[in-house]
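Novice: Show me how the following folds:
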Amino acid sequence: ARTFTEAAAAAAAAAAAGKRAAAPTAAAAMVVLSVAILSKTGKVLLARQFVDMSRLRIEGLLAAFPKLIESGTEGVGKQHTYVETGSIRYVYQPIEGLYLLLVTTRGSNIVQDLDTLRLLTKVVPEYAQVTEEDVTRNVFDLIFAFDEVITLGYKENTTLEGIRTNLEMDSHNEKLHLMVVQSKMNEANKAAQDAAKVIRSAAGSRAMPGIGNTPSLEGSSGGGFPGLGPSFTPPPTSGSSSPVPSTSNFGSGSKYGEEKAQANVKAGKMPGSGLSIKSKTKKNDVAMKRMADEEGIDAAAIVQQQSSTAAVAAPGAVVRTDPVEVRLTETVQVSYDRDGALIKCEVKGAASLTCHEEAAALQLQLEYYGDVAPFQFTPHPGMSKPEWTASNLLKPKSSKPFPKDKTLSILKWRYASKDDEAMVPLRVTCWPEVDMDGITTVNMELELVAGHLTLRDVVVTIPVPTSDAPEVINIEGGTFRHNPKKHIIEWELSVVDKTNSTANFEFTIPGSNESDFFPVTTSFTSEDMICPVHVSAVHQLESGEPAKFGLYRQLQAEKYEVVAQAD
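Specialist: Numbers count the residues shown, from 1 in each chain. All right, here's what the predicted structure looks like:
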């Protein structure tokens, strides 16, 4: 009896061990071995393996697939089809001129395989057009997307939106960094252009006759154009005073000629002679004419431009044309609902001042060229409120100068409304209509409300529920661009002003839910202001003398949208 009991126990232990050993094998038999995209002729465009498999093995499996579908007729006409051979099951679906194929074992769950195949058929057109050339060009994007769907042969619990989010890897810090880099590049390009202009002007001044140490050959007129450059007296005899250049009309306050003359005299250099004045005059005439043709102005204007430049900046230096910089900036936020009713309109503005050359105590005089009653103005606490209330004068309470190269905000204004469209610069309307076939016709309309504004770089972004390309019915104004990866259509207009105040865009696209086309967002910039405010003058605080300044204005859409419904 003891022997029988021991034998039974041993048999039971062996059976349990067999079950434990068989469990991993059964689990391993239910995985996706490979996902591939093939042409109708059997050419392999892409194949991604999810288990260890030799190249010869996968090539043999994929090479057998075209022969199996030609000989098998059981799945013809169905949306999802499959063929089986030996221990392998091929689950596939035709997509236009290609096949999307899952290679699995016969022990896998066919329901799960079909669910995986359905998700993959949505992924492929998301990252490539269904053509051999485009699939080959975007092979890595497709492989990354397949890896988001399947891990180690098993389907992940994910959606198309989750896959799109993971692959985009959108980073706010990266965007901010790129914006900063682009801004620095723009500033460097502008500085280089300004420096190049100054260098060209300096080269032109050296080419002009009578400027610098050009000798005066006939009396005091100098060579070339008489009267354009300073003429010099001979060096003094022993005991006389230092040489002083004679009076010239080179430009009021300019010392370019005098400094060059004094340097030459101190170095012992004398004005030369001996060349023919006719040949020198001819060469100078040609140089002057060439410069005038390039700049589109006459010779006198070139001389006047050179006379206004007291010093030449070094190459690469940032050239400041205005000693005082005044900036007026505005941002606007507007929200409409899908029926065209205004939800919110908010305008925020600010005036700032920067002294570039030296610290200075200044006061600014503002003027209004329209109704400012709807706006609420708030001057900086350091400004005199009585002066502002009485005469719109931004005058500091103390005589402390504004610091050099530091931008200070000295005035802010604000407007907000939930039902008044008086300050709305642009009205955008979106009308989606779904028909019985699941196709949506979208009508976009754009209208300039503030006729005094000139809006530039207007971009209307429309979300769409699919990556399919839209069919354009009509577009009046601007161009459009479709981004299938982000599921958006961008309608772009370079300028919207009173002469081009309206635009229309109509297209159709697959979709059965009108809410999928919201929110519609709009971006634009302008050099005009919504608030009718202007800086008319800048004066020195102590003396009251006018100060030279540059005025820059910018309006920008911060959040401009049409939403499906109000929050």
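Novice: Give me the three-state assignment for the residue nearest to the spatial centre of the chain.
Specialist: Compute the mean C-alpha point of the chain, and by CA atoms, centre = their mean the closest residue is residue 179, 7.8 Å away. Recorded secondary structure, residue 179: helix (DSSP: H, G, I helix; E, B strand; the rest coil).
Novice: ok, now the one 3 residues further on?
Specialist: Applying three-state DSSP to residue 182 yields a three-state assignment of helix.
Novice: residues in contact with the residue nearest to the centre of the chain?
Specialist: Contact analysis of residue 179 by CB atoms under 8 Å, 6 or more residues apart in numbering lists nothing. Yep, even glycine has a C-beta here, placed from its N, CA and C like the rest.
Novice: my read: residue 38 touches residue 62, true?
Specialist: Yes - in this structure residue 38 lies within contact range of residue 62 using CB atoms under 8 Å: 6.9 Å.
Novice: Show me the common contact partners of the two, please.
Specialist: By CB under 8 Å, 6+ apart, residue 38 and residue 62 have these common neighbours: 44, 101.
Novice: Would you agree residue 149 is in contact with residue 116?
Specialist: Yes - using CB under 8 Å, residue 149 is in contact with residue 116, at 6.7 Å.
Novice: what sits in contact with each of these two?
Specialist: With CB under 8 Å, 6+ apart as the test, residue 149 and residue 116 both reach residue 155.
Novice: what about residue 86, distance to residue 106?
Specialist: Applying CB to CB, to the nearest Å, the value for residue 86 to residue 106 is 8 Å.
Novice: so what's residue 338 up against?
Specialist: 430, 514, 518, 562-565.
Novice: If we use 7 Å, what do you get?
Specialist: The contact partners of residue 338, by CB atoms under 7 Å, 6 or more residues apart in numbering, come to 430, 518, 562, 564.
Novice: ditto for residue 473
Specialist: Under the criterion of CB under 7 Å, 6+ apart, the contact list for residue 473 reads 506-508.
Novice: Please report the distance of residue 163 from residue 127.
Specialist: From residue 163 to residue 127 the distance is 9 Å (CB to CB).
Novice: Can you pull the residues that touch both of those two?
Specialist: Jointly contacting residue 163 and residue 127 under the rule CB under 7 Å, 6+ apart are residue 145.
Novice: picking that back up, looking at residue 86 and residue 106, which has the bigger crowd around it?
Specialist: Set residue 86 next to residue 106 and count neighbours by other CB atoms under 10 Å: residue 106 wins out with 13 against 8.
Novice: which non-adjacent residue is nearest that one?
Specialist: residue 89 (5.0 Å; CB to CB, 6 or more residues apart in numbering).
Novice: In terms of pLDDT, where does the closest residue in space to residue 489 that isn't next to it in sequence sit?
Specialist: Of all residues not flanking residue 489 in the chain, residue 462 sits nearest, at 4.6 Å (CB to CB, 6+ apart). At residue 462, the predicted lDDT confidence score is 96.
Novice: do the same with the one 10 residues further on
Specialist: Model confidence at residue 472, expressed as pLDDT, equals 93.
Novice: could you pull out the helices for the protein?
Specialist: Applying DSSP state H to the chain gives helices spanning 2-28, 55-71, 110-127, 132-137, 139-149, 160-168, 172-207, 256-266, 277-295, 299-307, 385-391.
Novice: low pLDDT regions in the chain?
Specialist: Scanning the chain for pLDDT under 70 picks out the ranges 1-30, 72-80, 205-321, 566-567.
Novice: repeat that for 50
Specialist: Residue ranges of the chain with pLDDT under 50: 1-9, 11-12, 14-29, 73-79, 210-258, 260-261, 265-280, 306-319.
Novice: neighbours of residue 430, just the number please.
Specialist: Applying other CB under 10 Å, we find 22 other residues in the vicinity of residue 430.
Novice: Show the contacting residues for it.
Specialist: 338, 442, 444, 462, 517-518, 520, 562.
Novice: so of these, which ones are in strands?
Specialist: Residues of those located in strands (DSSP state E): 442, 444, 462, 520, 562.
Novice: Which two of those have the greatest separation?
Specialist: Greatest spatial distance in the ones in strands among the contacts of residue 430: 442 and 562, 11.9 Å, computed using CB to CB.
Novice: Looking at those two, which is more packed in?
Specialist: More crowded of residue 442 and residue 562, by other CB under 10 Å: residue 562, with 25 against 22.
Novice: ok, now how distant is the more buried one from residue 427?
Specialist: 10 Å.
Novice: in the sheet, who's paired with the residue lying closest to residue 61 once chain neighbours are set aside?
Specialist: In space, and not counting its chain neighbours, residue 61 is closest to residue 103: 5.7 Å by CB to CB, 6+ apart. Here residue 103 sits in beta bridges with residue 34, residue 90, going by DSSP bridges.
Novice: For residue 103, grab the count of nearby residues.
Specialist: 22.
Novice: Hmm, residue 34 and it touching each other?
Specialist: Yes - Residue 103 is in contact with residue 34 according to CB atoms under 7 Å; the separation is 4.3 Å.
Novice: Residue 548 - how many residues pack around it?
Specialist: Applying other CB under 10 Å, we find 10 residues neighbouring residue 548.
Novice: Spatially nearest residue to it (excluding sequence neighbours)?
Specialist: residue 323 (5.7 Å).
Novice: what do you get for residue 393?
Specialist: Residue 393 sits nearest to residue 387 (CB to CB, 6+ apart), 4.5 Å away.
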